[in-house]
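Trainee: Provided below for reference: sequence and predicted model.
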Amino acid sequence: IRDEKARIIKQIIKEQKEFFNPTGDKKTLAADVRNLKIDLLINQLQLMAKTKGLSKIADGLKGKAHKEATEPFLQTNSWKQSIAELTKLKTQPGKALEFFDWKLDFPEIMNENVNPNTGFDIVIGNPPYIQLQKDGGTLAKQFEKSGFETFARTGDIYSLFYEKGWQVLKPSGFLIFITSNKWMRAGYGEKTREFFAKRTNPKLLIDFAGVKIFESATVDTNILLYEKNDNQLNTQTCTIGNDYKLEMNLSEYLSRNSGTSKFADGNSWTIMNGIEAQIKAKIEAKGIALKDWDINIYRGVLTGYNEAFIIDGKKKDELIAKDPKSAEIIKPILRGRDIKRYKAEFADLWLINTHNGYKKNDGTKDKRIDVNNYPAIKNHLDNYIEALEIRQDKGETPYNLRNCAY
């Protein structure tokens, strides 16, 4: 079985190279590679069943002995079932092989049976930005027990991509990603920062704070280049200012404006020159960090459908004119973009606060707001009822804001 496995891997490598040859018959080669991968999976399952499997539970076993034998027996049956499904899949050429494995799809680079020095020399990418707690924490539940050091329930999936990139690099290999820059300072980024400081040698960090790189992205971005090596505490850093234009040569801009920073732990990563670093150190020595103040800072409101629940001053006045009682649950609201340095700029926006009940300071809980007590507001929300019913974030009724722990 092991010899057959080695033969199949070599054949996969041969046909993958032919596939990327301009004169190769891609359709035939793709089908061949697909079937070879199926053969390899079947081979691996057969090997596992032969070396680790249990074909039947011995007669007379009871209690603990029977329980200990049951798990490998069921696992062996599962392997046999997978072998049968894969064997059937070979007879269905039009059906996709929904399986990915680094050692199988990149055997020449990642399979130790072929290459004793596994790993990529360079990993380059722009990972997706998706909050792990989105859609009720679907992704958070999926990755919570996957062993990622950078995992944080309130974090973003791009942090896991940084770590996965490290896993597939060979020693002294390089990774360079462009992502959201939130990990540099956000609370959820602490594990990511600590991972970079302890596991990598950050070579270059460019923060595009306020400079829009992607038209469709609403977040500020940064570029991080790290080496899979010990941290030398000597990162070239640069904050891109408003004087930078996308058509400019980035290398030349860096040569004029970059400095160096020492990032040694999971504390916030801030790019500063020498004088700024000294000032920051003095402030931290004499001041009290915000986290040590006797206050609680929570995430803002998620309505699930802002078009219905956030209204302007004109609509607010209209609803109150129709029913003065509406004023009880219409509250002024600030968005993130309204919070400026040292001040807030109220944009005359108001929240219809049909909350789902929340804990008060004395430990009791307010009851859910019943929209039927506010007919003018109910009529307004009825204009959006279809969207309110299908939204992900909602409370006990379509008229309520989502359940919140904050």
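Mentor: The structure has been received and is ready for your questions.

Trainee: Show me where the protein has its strands.
Mentor: Remark: strands assigned in the chain by DSSP state E are 120-125, 169-180, 201-208, 221-227, 235-239, 259-261, 310-312, 330-332, 339-340, 343-344, 349-352.

Trainee: Let's have those in a markdown table, adding mean pLDDT and distance to Lys52.
Mentor: Every residue, glycine included, has its C-beta placed from N, CA and C. Conversion of the strands of the chain to a markdown table gives the following (pLDDT from 0 to 100; distance: least, CB to CB, whole Å):
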| stretch | mean pLDDT | distance to Lys52 |
| --- | --- | --- |
| strand 120-125 | 96 | 30 |
| strand 169-180 | 96 | 29 |
| strand 201-208 | 95 | 39 |
| strand 221-227 | 96 | 38 |
| strand 235-239 | 93 | 46 |
| strand 259-261 | 89 | 49 |
| strand 310-312 | 97 | 58 |
| strand 330-332 | 96 | 62 |
| strand 339-340 | 90 | 58 |
| strand 343-344 | 93 | 62 |
| strand 349-352 | 96 | 58 |
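
Trainee: So for Phe195, which of these sits nearest?
Mentor: strand 221-227 (9.9 Å; CB to CB).

Trainee: Which elements pack onto that closest one?
Mentor: strand 169-180, strand 201-208 (3 or more CB pairs under 8 Å, 6 or more residues apart in numbering; DSSP states H and E).

Trainee: Pick the most deeply packed of these.
Mentor: Neighbour counts (mean count of other CB atoms under 10 Å) averaged over each of the helices and strands packed on strand 221-227 peak at strand 201-208, with a mean of 20.

Trainee: which other helices and strands contact that strand?
Mentor: Strand 201-208 packs on strand 221-227, strand 235-239, going by 3+ CB pairs under 8 Å, 6+ apart.

Trainee: Any stretches of the stretch 1-150 of the chain with poor pLDDT?
Mentor: 1-2 (pLDDT under 70).

Trainee: Once you drop chain neighbours, what's closest to Val33?
Mentor: For Val33, ignoring the flanking residues on the chain, the nearest one in space by CB to CB, 6 or more residues apart in numbering is Glu15 at 5.2 Å.

Trainee: My error: substitute Ile369 in the last question.
Mentor: Distances taken as CB to CB, 6+ apart place Thr354 nearest to Ile369, at 4.4 Å, with adjacent residues excluded.

Trainee: Which residues are in contact with Gly24?
Mentor: Residues in contact with Gly24 (CB atoms under 8 Å, 6 or more residues apart in numbering) are Glu18.

Trainee: circling back: which one, of the helices and strands packed on strand 221-227, ends up nearest to Ile109?
Mentor: Of the helices and strands packed on strand 221-227, nearest to Ile109 by CB to CB is strand 169-180, at 8.6 Å.

Trainee: who does that closest one touch, helix- and strand-wise?
Mentor: Against strand 169-180 (3+ CB pairs under 8 Å, 6+ apart) you get strand 120-125, helix 157-168, strand 221-227.

Trainee: Count the neighbours of Arg153 for me.
Mentor: Using other CB atoms under 10 Å, Arg153 is surrounded by 14 other residues.

Trainee: let me redo that: Arg185
Mentor: 13.

Trainee: Can you give me the neighbour number for the spatially closest residue to it that is not a sequence neighbour?
Mentor: Leaving out its chain neighbours, the residue that sits closest to Arg185 by CB to CB, 6+ apart is Ser268, at 4.6 Å. For Ser268, the neighbour count with other CB under 10 Å is 13.

Trainee: so Ser268 touches Gly187, yeah?
Mentor: No: using CB atoms under 8 Å, Ser268 makes no contact with Gly187, being 9.4 Å away.

Trainee: quick revisit: could the helices and strands packed on strand 201-208 be laid out in JSON lines, adding mean neighbour count?
Mentor: Listed next are the helices and strands packed on strand 201-208 as JSON lines, based on neighbours: other CB atoms under 10 Å:
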{"stretch": "strand 221-227", "mean neighbour count": "21"}
{"stretch": "strand 235-239", "mean neighbour count": "21"}
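
Trainee: now the helices for this protein?
Mentor: Residue ranges of the helices in the chain, as given by DSSP state H, are 2-19, 26-52, 63-89, 102-105, 107-110, 134-143, 157-168, 190-199, 250-257, 274-286, 306-309, 313-322, 375-382, 385-390.

Trainee: which outside residues touch the fourth one?
Mentor: Taking CB under 8 Å, 6+ apart as the criterion, the residues outside helix 102-105 that touch it are Ile12, Lys37, Leu40, Leu41, Met110, Asn111, Glu112, Val168.

Trainee: Was I right to think the fourth one contacts Phe100?
Mentor: Okay, so that is Leu41. No: Leu41 lies out of contact with Phe100 (CB under 8 Å); the separation is 11.6 Å.
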